[in-house]
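Asks: below are the sequence and a predicted model for it; my questions follow.
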Amino acid sequence: MSTDLLIRDERGFYCPPGDFYVDPWRPVERAIITHAHSDHARWGHRQYLTTPEGAGVLRVRMGPAAQIDTVAYGRSIERNGVRISLHPAGHVLGSAQVRIQHRGQVAVVSGDYKTEADATSTPFEPVRCHLFVSESTFALPIYRWKPQSAIFDDINRWWSANAARGLASVLLAYSLGKSQRILAGLDSSIGPIYVHGAVEPLNAAYRRSGIRLPRTEYVGETVKSAKSTGSRLAWAGSMIVAPPSAMGTPWMRRFQPLSAAFVSGWMTIRGTRRRQSLDKGFALSDHADWPGLLSAIAATGAERVWLTHGYSAVLARHLTHMGLDARSIDTQFRGEADVADADEPTATGQPEAEVAGAAEVEESGEDVAAS
């Protein structure tokens, strides 16, 4: 297969015959976006192409001025003789693998993906190809996910136990994708559910796309309403879902006494939780685990595999031993971040937690410097 169908240059993955990029990290003329997380969907491209399901959350991220076009899963379009189609990746709402076909050769760029189906995204579908560009975030044998139903049971038991002790429960999770997946698995009979300002607009985009989520209340509006009526807020027994960057902020301290947990595949390793001084960690990821990566790659039938962010060198060695032409490719994708990492930027370039958190502090009348 000629490498001319897909190359990696200083802007990202480029298709020379089609003259377009997939998830470029520098501004380009035409960008096909696998999903709306900020390491894959960057501000500044002239034209964006994604799925109809993904367009709503991409709009939240990119702002009203972005030119966003859509193509349905499985439908082909052509550009300069290159056939392009998008196929479900199972990562977050609207996430897609990009299939590129030209002169009998096929390349597929996976973006991020997971192989376990969930209630908030279209399930992953393997796509046959000659070259498969795969993520490798959790490409170590230690990473093997429990069924998500077991994790949701653990979360609900933790929440119920906290409520019985008079504590608020704060779950830290990515504002896009992970938060909505968690919300869909919560038992709302335990207590009220509140969300951070970075999560609320994305919840709205999910609901507009037909995803069923439990009733949630935006913390900022709740605080503002209580202030206007002189009511006293009581957070005990409630669940609060917020991005990781809310950890330790004045915004989060308002819920004390509380118990805090982080939801991430990295919570498989207990030391990660201890290092961040969390009360609890739940190992739930929107990325494929080690068996998921191996099964997904095998299902493509690809002879060549390019591996991006994560433990790419480890997976490349394993696949090479299996007889595949596999190599690690340097990119600016980052996979699933740890709790200490900043949240994803908005279209303004500022972290979502910073933008929404500041607004909520202002609404509450709190003085950040004095908190």
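Replies: Cool, got the structure.
Asks: make it CA atoms for all contacts and neighbour counts henceforth
Replies: Will do.
Asks: roughly how far apart are Ser295 and Ala283?
Replies: Counting by CA to CA, to the nearest Å, the separation of Ser295 from Ala283 is 20 Å.
Asks: those two: who's more crowded?
Replies: Ala283 (19 against 14; other CA atoms under 10 Å).
Asks: relative to Tyr194, how far out is that one?
Replies: From Ala283 across to Tyr194, the span is 22 Å (CA to CA).
Asks: helices of the stretch 251-371 of the chain, residue ranges please.
Replies: Counting by DSSP state H, counting those that start in this stretch, the segments of the stretch 251-371 of the chain that form helices are 270-275, 290-300, 312-321, 352-364.
Asks: weakest of those by average pLDDT?
Replies: The stretch with the lowest mean pLDDT among those is helix 352-364, at a mean of 41.
Asks: how about Ala89, what does it touch?
Replies: For Ala89, the contact set (CA atoms under 8 Å, 6 or more residues apart in numbering) comprises 95-97, 110-115, 122-125.
Asks: mind checking which of those residues land in strands?
Replies: Ala96, Gln97 (DSSP state E).
Asks: from the contacts of Ala89, which is closest to Asn80?
Replies: When the contacts of Ala89 are ranked by distance to Asn80 (CA to CA), Gln97 comes first, at 20.2 Å.
Asks: which one in this structure is furthest away from the centre?
Replies: Gly230 (37.9 Å; CA atoms, centre = their mean).
Asks: does the spatially closest residue to Gly44 that is not a sequence neighbour sit in a helix, a strand or a coil?
Replies: Nearest residue to Gly44 in three dimensions, chain neighbours excluded: Pro27, at 5.1 Å (CA to CA, 6 or more residues apart in numbering). Assigned with DSSP: H, G, I helix; E, B strand; the rest coil, Pro27 falls in the coil class.
Asks: which stretches of the stretch 1-150 of the chain have low pLDDT?
Replies: 1-3 (pLDDT under 70).
Asks: ranges for the strands of it?
Replies: Taking DSSP state E, counting those that start in this stretch as the criterion, the stretch 1-150 of the chain carries its strands at 7-8, 13-15, 20-22, 30-32, 47-50, 68-70, 76-79, 82-88, 96-102, 105-109, 131-136.
Asks: in the chain, which residue is closest to the centre?
Replies: Central residue of the chain (CA atoms, centre = their mean): Gly177, at 4.7 Å.
Asks: burial measure for the nearest residue to that one once chain neighbours are set aside, as a count.
Replies: Using CA to CA, 6+ apart and skipping residues adjacent in sequence, the residue nearest Gly177 is Val92, 4.9 Å away. Other residues lying near Val92 total 30 when counted by other CA under 10 Å.
Asks: coming back round to it: show the buried residues in the contacts of Ala89.
Replies: 95-97, 110-115, 122-125 (16 or more other CA atoms under 10 Å).
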